[in-house]
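> How does the following fold in three dimensions:
(3 chains, ligands or ions: 2)
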Amino acid sequence: MSARSRRVERRPAVAVAVTVVFFAWLYLPIAAVVLFSFNSVKSLSTFRGFSTRWYADFVHDADLVTSLVASIGIAAVSAVGALVLGTMLALGLSRIRSRTGRAVGAVTLLPLVTPEIVTGVAALLLFTGVGLKLSLVTVTLAEITFSIAYVTVIVRGRLAAMSTEVEEAARDLGCTPWQALRLVTLPTLVPALLGAGLLVFALVFDDFVLAFFTTGVSPQPLPVRIYSSIRFGVSPAINAVGTVMLVLSALVMVLALIVPRLWGRKSSSLDLITGA
Amino acid sequence: MTALDPTTAQLPAQPKGGTPRSGQHTRLWAALLALPTGWMVAFFLSSMVIVVLLSFGRTQADGQPVFSTRLDNYAQLWDPLYLRLFLRSVSYAVATTAICAVLAYPVAYVVALHGGRRKNLLIAAIVVPFFASYLIRMYAWSALLSDDGLVNSLIVRLHLGGGVQFLNTPYAVIGGLVYGYVVFMILPVYAALERMDTSLIEAGKDLYHGPWRTFWSVTLPATRAGLFGGVLLVFLPALGDFVSAQLLGGPKTFMIGNLIQQQFLEGQNWPLGSAMTVAMMIGLTVIMVGYLRATATRSREAS
Amino acid sequence: MSLLHHTSDDAGLATAAPAVSLRGLTKSFGRDTVVDHLDLDIGKGEFFSLLGPSGCGKTTTLRMIAGFSDPSEGSIMVGGKNVTATPPHRRDVNTVFQSYALFEHLDVRGNVGFGLRRKGIDRRAIGQRVGEALELVQLADRAGSRPAELSGGQRQRVALARALVNRPQVLLLDEPLAALDLKLRRAMQVELKAIQREVDITFLFVTHDQDEALSMSDRIAIMNNGVIEQCGRPEDVYESPTSVFAAGFIGTSNLMPGTYADGSVAVCDGLRIPVPAGHGLGGGEQVSVAVRPEKIWLSELTPDMVRVPGTVVSSSYHGATTQYLVAIAPEVTLTVLEQNLPRMSPEDRWTPGSRVELGWLPEHAVLLR
Ligand SMILES: Nc1ncnc2c1ncn2[C@@H]1O[C@H](COP(=O)(O)OP(=O)(O)O)[C@@H](O)[C@H]1O
Ligand SMILES: [Mg+2]
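Ligands and ions are numbered 1, 2, ... in the order given. Next up is the predicted model:
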């Protein structure tokens, strides 16, 4: 027995080393951004002492704050919109057995395998083609379109794990189809829905490419704002904005992973993300 | 038993009026599908159609793009400059995918099979930063690797050399792509390893001796589906990426994404940009179909 | 507990009508006919089992009665009312699902009260009836638990209470005990039967476990390939199977195929087995004789028995019984089950190779066509 477990222990020494290096590599740039956002001087290579001056700069930059608020708004509206549409889609697809239904299902998953730049270009052409003025609204429309597939995948995963007998049990106990959906299926899906909504919020809040193609001149979503600043040269103020973005989206992601667990169910969006 | 006689009370096989009479209430589901399907048609499919149409269009003298039926844009693409750029993009994406696979296996393996109770925590630790701002993470690398950045100042201070130019090199661009997308390789490989019966590895060790041979003959085949999925998930976004080349590279390392982006937001030649987009999608589709064919036969042979 | 009984007014009107009656009930999936012209009447208050191997169409039948699946042909009556075209939520039938199908987002109380709330019964009455139902299944102390916190047996009881509390005309149970381990299953069989007697609701119970069906049912229908092979009381079905399938599926049976002539069946050269009269055969027909293992004696044979010589092939000791395989012809081996009675010592058991004489009473041999 001891010989066996020793063999299992000894085996992945190389792999363990790679993993440790991987985690260091993963967090090094993030840690640097956070660290230098508190630097008291402008340097990006020497830390001279703690200060919050770059955060003060950020807070007093009305443009940046407007962008931050705009990004939060876009993310929230997109999360709700994608959640509603994606859930309807998932429910419909999981139950309909016709060929048309399956074709629709395949088409709705296309955004997942389309490079984002293509979606962005296409959205830009569509909006200008129909004469919609580029603005935060067009960004939101594009983000919803792009996010529906994520919600659909997550909710379908949960639906697949849910026995169809549960819905039948509701029908058996006196529910019309609509009541069964409202009183049993949707409440059962709540943890998955919360997870999916938070995930979409985090993705949209951070999303750069789609926003870049579909935004108007002002106000711009935060990532687009940051991008233009970076192009004019690296500034420590960006570190402060970046830290705020990282913290916000990390918080939302952690919530997306934890909330479904708090609901007392074992599955979380983590399992859905990993497919395990 | 007159009125209640079941034989006389028998109904025709088809329900009256076609109302759903059982649990298969197809109508409700169809109604649910209508709105999102309409949305996807209005905002996604139609936008794709416009791209294809405009790729045959032209730019007017006043700079306005208009629809037309000419092949000029595609003819213009048949230029060694663009072809070189396309090949460069593909080779960067392939390199990115390969590095991601090599990196993902040990990490996923350690987390899945030796993560113990901290397994979920470790996966979350991998996932959370990846879903946190791609742009900020690319920016972080550009700051770290810049000529007066932290890495170079350390190299100088530790007397390892006189400073290295990282930015504007293919290594930086590919490194950025790997950093950006490796999670899409780790997750499916991790899921496959999780599902794998670990006694297979035990048996493999007895049979083949040595971890490498066990890996090649047991672990890799058993997790093939995860690897194949991960390859797709990394290759697709890597090929279309332009942020990494923009922030970590330069004109010498530009990819298709940068070119397309320029046509739309700098050069203002939308029809040409559309043709590039369509060409990229065609190239991608060809590569994907070839890849899916190859992996499908592989999977069939394996089983 | 009396509240769980049917009130007499709804029973009074349709006393003559069976609780469930199926006429020509058929279900086809494409070209597969899975349930084939089923005719069946189940009486009020009966514990009726549908017994058959996996895939024979039991679940499909139940789903049609519950309304989840449309029959391809035929009709379904519940309590004298034709419900063939009635959607599930308007059928006076409730189901205990094999997977239990509990509502994970509700606690035990919420699950059990779900059907009553849909009927718009006032909250006090719901509370009282839920309480009674939980008493009945001995779960009163878990009323506030989520299904995820319950054991398999407890979840099963919740599923049962959730269906019973609605006092349906018929309760459909699809292999409700299949997911439980053997010991718990035995205990639940006894309990389920007691509950059924107490609430006096018609149970249509689906199982592939013959012991379960025999020990619990008032009547059993043996189903095979979408048709009912035999229907009757457990002892009739067991003692007098009417088909080779029924004889083989319920209990173990020794089947001896042969040709009928003059009151006996020629199993092979020199071995003729007498069978009881009254079958109306002329002679020359291919038939089988079936004898249950426990009906065959190896010692203390009486003069009125059919006697056949044989050789013990193997013996295995099962505690209360000993099982022998005895060859009576080159191709024919019979299973014999002998009680290990107190007066028997281990030396009394036959050893392989022993020459023995088998005997059974003529009426215990069943002739099957
Ligand atoms: N929806 C369906 N489509 C096609 N075949 C089905 C469907 N449902 C059941 N069947 C088939 O009908 C047969 C009977 O199934 P079922 O009633 O579940 O059997 P049982 O409950 O007796 O095990 C099986 O062969 C099964 O494959
Ligand atoms: Mg079944």
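
> ok, the residue of the stretch 101-250 of chain C found nearest chain B - contacts?
Across the stretch 101-250 of chain C, the shortest distance to chain B (C-beta to the nearest C-beta) belongs to C:Ala101, at 12.6 Å. (Glycine included, C-beta is placed from N, CA and C.) Counting by C-beta atoms under 8 Å, 6 or more residues apart in numbering or on different chains, C:Ala101 touches A:163, A:165-166, A:168-169, C:159.

> next one: C:Tyr260
C:Tyr260 is in contact with C:266, C:275, C:281, C:283-287, C:367, counting by C-beta under 8 Å, 6+ apart.

> Of these, which ones also sit close to ligand 1?
Subset of the contacts of C:Tyr260 in contact with ligand 1: empty, counting by C-beta under 6 Å from any ligand atom.

> PyMOL command to pick out the buried ones of those residues?
Applied in PyMOL, the following selects the buried portion of these according to 16 or more other C-beta atoms under 10 Å in any protein chain shown:
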select buried, chain C and resi 275+281+287+367
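
> which residues touch stretch B:57-65?
Stretch B:57-65 is contacted by residues B:54, B:66-68, B:70, B:72-73, B:268-272, B:274 when judged by C-beta under 8 Å, 6+ apart.

> Could I get the CA-only coordinates of it as CSV?
Extracted in CSV, the C-alpha atoms of stretch B:57-65 (Å, rounded to 0.1, in the frame of the first residue of the first chain):
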residue,chain,number,x,y,z
GLY,B,57,-19.2,46.4,-52.2
ARG,B,58,-17.0,49.4,-52.8
THR,B,59,-16.1,52.7,-51.2
GLN,B,60,-17.5,55.9,-52.8
ALA,B,61,-15.5,59.0,-53.5
ASP,B,62,-16.9,60.6,-50.3
GLY,B,63,-15.7,57.6,-48.3
GLN,B,64,-19.1,56.0,-47.9
PRO,B,65,-19.2,52.2,-48.3
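
> quick one, strands of the stretch 1-150 of chain C?
Using DSSP state E, counting those that start in this stretch, the strands found in the stretch 1-150 of chain C span residues C:20-29, C:32-42, C:47-51, C:73-78, C:81-82, C:93-96.

> and those strands as TSV, adding distance to chain A and mean pLDDT?
Putting those into TSV (distance: least, C-beta to the nearest C-beta, whole Å; pLDDT from 0 to 100) gives the following:
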stretch	distance to chain A	mean pLDDT
strand C:20-29	12	96
strand C:32-42	17	95
strand C:47-51	18	96
strand C:73-78	13	96
strand C:81-82	17	94
strand C:93-96	5	96
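
> quick one, which of those is nearest to A:Val59?
Ranking the strands of the stretch 1-150 of chain C by proximity to A:Val59 (C-beta to C-beta) places strand C:93-96 first, at 61.4 Å.

> hang on, B:Gly250 packs against B:Leu167?
Yes. If you go by C-beta atoms under 8 Å, B:Gly250 and B:Leu167 touch, sitting 7.4 Å apart.

> which of those two has more neighbours?
Comparing B:Gly250 with B:Leu167 by other C-beta atoms under 10 Å in any protein chain shown, the one with more neighbours is B:Leu167, at 20 against 14.

> so what's that one up against?
Here B:Leu167 is in contact with B:142, B:145-147, B:248-250 (criterion: C-beta under 8 Å, 6+ apart).

> let's see 6 Å
B:145, B:248 (C-beta atoms under 6 Å, 6 or more residues apart in numbering or on different chains).

> For it, give me phi and psi.
Note on B:Leu167: backbone dihedrals following degrees, to the nearest 10 are phi -70, psi 160.

> so can I have JSON lines of the strands of the stretch 1-150 of chain C showing distance to C:Asn340 and mean neighbour count?
Shown next, in JSON lines, are the strands of the stretch 1-150 of chain C (distance: least, C-beta to C-beta, whole Å; neighbours: other C-beta atoms under 10 Å in any protein chain shown):
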{"stretch": "strand C:20-29", "distance to C:Asn340": "44", "mean neighbour count": "20"}
{"stretch": "strand C:32-42", "distance to C:Asn340": "40", "mean neighbour count": "18"}
{"stretch": "strand C:47-51", "distance to C:Asn340": "29", "mean neighbour count": "26"}
{"stretch": "strand C:73-78", "distance to C:Asn340": "49", "mean neighbour count": "22"}
{"stretch": "strand C:81-82", "distance to C:Asn340": "54", "mean neighbour count": "17"}
{"stretch": "strand C:93-96", "distance to C:Asn340": "39", "mean neighbour count": "28"}
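
> A:Ala75 is nearest to which of these?
Evaluated over these, closeness to A:Ala75 peaks at strand C:93-96, with 43.8 Å, by C-beta to C-beta.

> name the helices or strands packed onto the helix or strand of chain B at the bottom of the mean pLDDT ranking?
Ranked by mean pLDDT, DSSP states H and E, the weakest helix or strand in chain B is helix B:198-208, scoring a mean of 72. Packing partners of helix B:198-208 (3 or more C-beta pairs under 6 Å, 6 or more residues apart in numbering or on different chains; DSSP states H and E): helix B:211-214.

> for the helix it packs on, packing partners?
Counting contacts by 3+ C-beta pairs under 6 Å, 6+ apart, helix B:211-214 is packed against helix B:198-208.

> what comes into contact with the host helix or strand of C:Gly153?
In this assignment (DSSP states H and E), C:Gly153 forms part of helix C:152-164. Residues from elsewhere that reach helix C:152-164 (C-beta under 6 Å, 6+ apart): C:94, C:96, C:100, C:102, C:108, C:111-112, C:133-134, C:137, C:139, C:147, C:171, C:179-180, C:184.

> nearest to chain A, of the contacts of stretch B:57-65?
Of all the contacts of stretch B:57-65, B:Leu54 has the smallest distance to chain A: 6.0 Å, by C-beta to the nearest C-beta.

> how about the closest one, what does it touch?
Each residue near B:Leu54 by C-beta under 6 Å, 6+ apart is listed here: A:125, B:271, B:274.

> can you list those residues in JSON lines and add secondary structure?
Formatted as JSON lines, the contacts of B:Leu54 follow (DSSP: H, G, I helix; E, B strand; the rest coil):
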{"residue": "A:Leu125", "secondary structure": "helix"}
{"residue": "B:Pro271", "secondary structure": "helix"}
{"residue": "B:Ser274", "secondary structure": "helix"}
